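Undergrad: Fold the following for me, if possible:
(one chain, ligands or ions: 1)
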Amino acid sequence: MGDAWAAVTGAERRTLADLFKAEPDRLSRFTVEEAGIRFDFAKTHLDQGLLDGFAALAEAQNLTGARDALFSGEKINVTEGRAAEHTAERGQGAPESVQRAQMLHSRMRALIDAIEAGAFGDIAHVLHIGIGGSALGPEFLIDALGRDAGRYDMAVVSNVDGAALEEALSRFDPTATLIVIASKTFTTSETMLNANSALDWLEEGGVDDPYGRVIALTASPEKAIEFGIDETRILPFSETVGGRYSLWSSIGFPVALALGWGGFEELLEGAAAMDRHFRLAPTLRNAPVLAAFVDRYYANVRGAETRGVFAYDERLRLLPSYLQQLEMESNGKSVTIAGEPVGRATSAITWGGVGTDAQHAVFQLLHQGTHLVPVEFLAVVEPDHAFTEEHHRQLLINCFAQGAALMAGKQADDPARSYSGDRPSTTLLLDRLDPSRLGALIAFYEHRTFVNAVLLGINPFDQFGVELGKEMAKAIDTPGALQFDPSTKALIERALGAVA
Ligand code: F6P
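TA: This next block holds a predicted model:
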C-alpha cells in the first residue's frame, strides 16, 4: 500500500490549464453521466497518471472486495460487530436483508395509508423529533422536495434548546398534530426530552390520549414500548442501518408522508440506480470512486483541510449540513480498522452554502485566499418556481462562471486585483430535482464516503468520537461524579449554580 500512496503523492504537478492542453479528451474521460446527473471532474488536477495511481491504490486496498462485502451484508463495521446494510433498504443487498427491509417498508406504507384514511383524525401538522442521522436526512429531503407537496405542515426539531420546539409548535394546533419520534437507539437524551415536552404540549392542548398521537421510528422497538408507545405505532428498522445512512428506512417516514408513497419509492429507486452504477461501473468510469480519488488527492497530496460544497439551488440549501454528518462522522477518524494510527489526513472538513448568496460572503477567500479549497458546485437544469426563467438563467450563469473563474484566474498589475487561478472544482449537474435524482445523489455521496474510507483503511460506520462528550454531560448532571478542570467548574458554577 505504501508504494501505491507514493505513486500518487510523488506525481508531477501540472496546472489545470496545462492539463486541458495536454489531454484533449479530458472532458469525456473526467465526466460521468448517471441517473440523471452529470459528474464533471475535469476541473481538478487529476490526470491519467494520477487516475492510474489511484486505481492501483484502490486495488491495493481491495476496494472490490470491500464493496462486495458491503453489498453482501458482511460485518464490515468491525468495531461494532455488524454489517452496514443501508443499500438493502433500496433492494440492493443480501436477499434476507432486502426481504426484511421490504417487509418493514410495507408496515410504513400501511401506517401512512391509515393516517391518510383518517385513523388519527384530521392531521394537518407533523412534528418530527430526532437528532443527527434521525433528523438531517428527513429535514433535507422534506425541504428539497416537499415544498410544493402541501400535504402536511411539517417541522423537524432536533436541538434540545426549548426555543427550537417552541418555534415549531407555535404554528401547530395540538388537536391536529402527529408527533414522530425518530431515534435508532431510543435513548438519545435530546430526543427523549423533546419527545416528553411535545407530549406535555399535546396534553395541555386538550388531546385526551397524547401517546395515541405518537409514532416511533427506531431500531430499538422494545425501548419505544417502554416509553409508552403502542407496538402498532412503532416502525422498526434494522440495527445494521447506521444512523447517518438511515433515511431510506423507517426514518424516512415523514418524507414518505410528505411526498406520498410513490415519491418515496422513486427516491429508493434513484438510490438503487446509483448502487448498481457503483457496483458495476469500471473504476475509471465510476462516479463515487472518481470523486473519492479527487477527495484523497486534495486531502493527502495537496494538504487541503476542507472541502466546500455550494448548491446553486435553494432547494438544496440543507445539503451541506447533511453532508457534514455523512462525511465527517463517517471518516473523521485517526485509526485504521486494525487500530493503527492512520498516518495521513482523513475526512476533510465539509462546509458550504448556497449560491448565489455565498458569492457575496465567502467566495473572496476561495478566489484569493491562502487556503486551497476544492469546491463542489451543484446545479439543476430545470427550475421549479413560478417566476420568470431569468432567475434560473442567472443562477446557472453564476454557478458556471465561478468554476471557470477559479480555474482561469486573472493577472493584473495591481496584486490586490490579481487572481492566481488554477483553483479546482467539480460540478454536479442534475437535469431536474425529483425524488429519483435526489436519491441517486445521496447514494453517490454515501458511496464516495465509503470509497474514501476504504482508501484510508478506516471504518466509516462507527462514531465513538461522540461518546466522551455525552459521558461528560452526564457527569456534569450528576454532581460529584467527576472532578472537572477549573475552567469548566467555574462555568458550571456561574451558569448552573451547582459544583460538579
Ligand atoms: O451522537 C451521534 C449519534 O449517535 C449519531 O450517529 C446519530 O445519528 C445520532 O446520534 C442520533 O442517534 P439516535 O438515532 O439513536 O437518536
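Undergrad: near the ligand, which residues of the chain?
TA: Contact residues (C-beta under 6 Å from any ligand atom) of the chain with the ligand: 131-134, 183-185, 188, 191, 243-244, 329, 463, 466. For every residue, glycine as well, the C-beta is placed using N, CA and C.
Undergrad: how about the residues you listed in a markdown table, adding secondary structure and neighbour count?
TA: Listed next are the residues of the chain next to the ligand as a markdown table, based on DSSP: H, G, I helix; E, B strand; the rest coil; neighbours: other C-beta atoms under 10 Å:
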| residue | secondary structure | neighbour count |
| --- | --- | --- |
| I131 | coil | 20 |
| G132 | helix | 21 |
| G133 | helix | 24 |
| S134 | helix | 28 |
| S183 | coil | 28 |
| K184 | coil | 25 |
| T185 | coil | 13 |
| T188 | coil | 22 |
| T191 | helix | 24 |
| G243 | helix | 25 |
| R244 | helix | 26 |
| E329 | helix | 22 |
| Q463 | coil | 21 |
| V466 | helix | 10 |
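Undergrad: tell me the domain boundaries of the protein?
TA: Here the domain parsing of the chain from the TED database is 1-73+275-464, 86-266, 467-496.
Undergrad: for the second one, what is the average pLDDT?
TA: Just to be clear, that refers to domain 86-266. Domain 86-266 shows a mean pLDDT of 96.
Undergrad: Any idea how far apart the tips of it sit?
TA: With C-alpha to C-alpha, to the nearest Å applied, domain 86-266 spans 16 Å between its terminal residues.
Undergrad: And for the shortest one?
TA: The first and last residues of domain 467-496 sit 23 Å apart, counting by C-alpha to C-alpha.
Undergrad: Give the buried residues for it.
TA: By 16 or more other C-beta atoms under 10 Å, the buried positions in domain 467-496 come out as I476, F484, I492.
Undergrad: wait, which of those residues is closest to the ligand?
TA: Comparing the buried residues of domain 467-496 against the ligand with C-beta to the nearest ligand atom places I476 closest, at 16.9 Å.
Undergrad: and that closest one, what does it touch?
TA: L482, F484, I492, L496, A500 (C-beta atoms under 8 Å, 6 or more residues apart in numbering).
Undergrad: mind checking how far it is from P486?
TA: Distance of I476 to P486, computed by C-beta to C-beta, to the nearest Å: 15 Å.
Undergrad: same thing with D153?
TA: For D153 relative to P486 (C-beta to C-beta), the value is 48 Å.
Undergrad: same check, this time on R26
TA: Going from R26 to P486 by C-beta to C-beta gives 58 Å.
Undergrad: got it, and R244?
TA: 36 Å.
Undergrad: N300 now?
TA: 39 Å.
Undergrad: mind listing the strands for the stretch 351-500 of the chain?
TA: 375-380, 425-430 (DSSP state E, counting those that start in this stretch).
Undergrad: can I get those strands in a markdown table with mean pLDDT?
TA: Compiled in a markdown table, those are given as follows (pLDDT from 0 to 100):
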| stretch | mean pLDDT |
| --- | --- |
| strand 375-380 | 98 |
| strand 425-430 | 98 |
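Undergrad: With mean neighbour count added, can I get the ones you listed in a markdown table?
TA: Below are the strands of the stretch 351-500 of the chain laid out as a markdown table (neighbours: other C-beta atoms under 10 Å):
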| stretch | mean neighbour count |
| --- | --- |
| strand 375-380 | 23 |
| strand 425-430 | 22 |
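Undergrad: JSON lines for those, including distance to P221?
TA: Output for those, formatted as JSON lines (distance: least, C-beta to C-beta, whole Å):
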{"stretch": "strand 375-380", "distance to P221": "37"}
{"stretch": "strand 425-430", "distance to P221": "37"}
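Undergrad: S250: how many residues sit nearby?
TA: 28 (other C-beta atoms under 10 Å).
Undergrad: That one contacts P221, correct?
TA: No: using C-beta atoms under 8 Å, S250 is not in contact with P221, being 10.3 Å away.
Undergrad: Overlap of the contact sets of the two?
TA: P236.
Undergrad: If the residue lying closest to E305 once chain neighbours are set aside is in a bridge, with which residues?
TA: Residue nearest to E305 in three dimensions, not counting chain neighbours: I349, with 6.0 Å by C-beta to C-beta, 6 or more residues apart in numbering. Beta bridges link I349 to T306 when assigned by DSSP bridges.
Undergrad: could you list every residue that touches I349?
TA: I349 neighbours (C-beta under 8 Å, 6+ apart): E305, T306, R307, M328.
Undergrad: Mind checking which of those residues are buried?
TA: T306, R307, M328.
Undergrad: Among the residues you listed, find me the one that's closest to the ligand.
TA: Using C-beta to the nearest ligand atom, the buried ones among the contacts of I349 come closest to the ligand at M328, 11.0 Å.
Undergrad: Now the closest one: closest residue in space, sequence neighbours ignored.
TA: Spatial nearest neighbour of M328, excluding adjacent residues (C-beta to C-beta, 6+ apart): S347 at 5.2 Å.
Undergrad: swap in Q463?
TA: Per C-beta to C-beta, 6+ apart, closest to Q463 is E329, 5.0 Å.
Undergrad: Contacts for stretch 277-288, please.
TA: Contacts for stretch 277-288 (C-beta under 8 Å, 6+ apart): 29, 32, 34-35, 37, 39, 51, 55, 58, 63, 67, 71, 92, 274, 289-290, 443-444, 447-448, 450-451.
Undergrad: So how do I select the buried members of these in ChimeraX?
TA: To isolate the buried ones among the contacts of stretch 277-288 in ChimeraX, judged by 16+ other C-beta under 10 Å, type:
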select :29,32,34,35,37,39,51,55,58,63,67,71,92,274,289,290,443,444,447,448,450,451
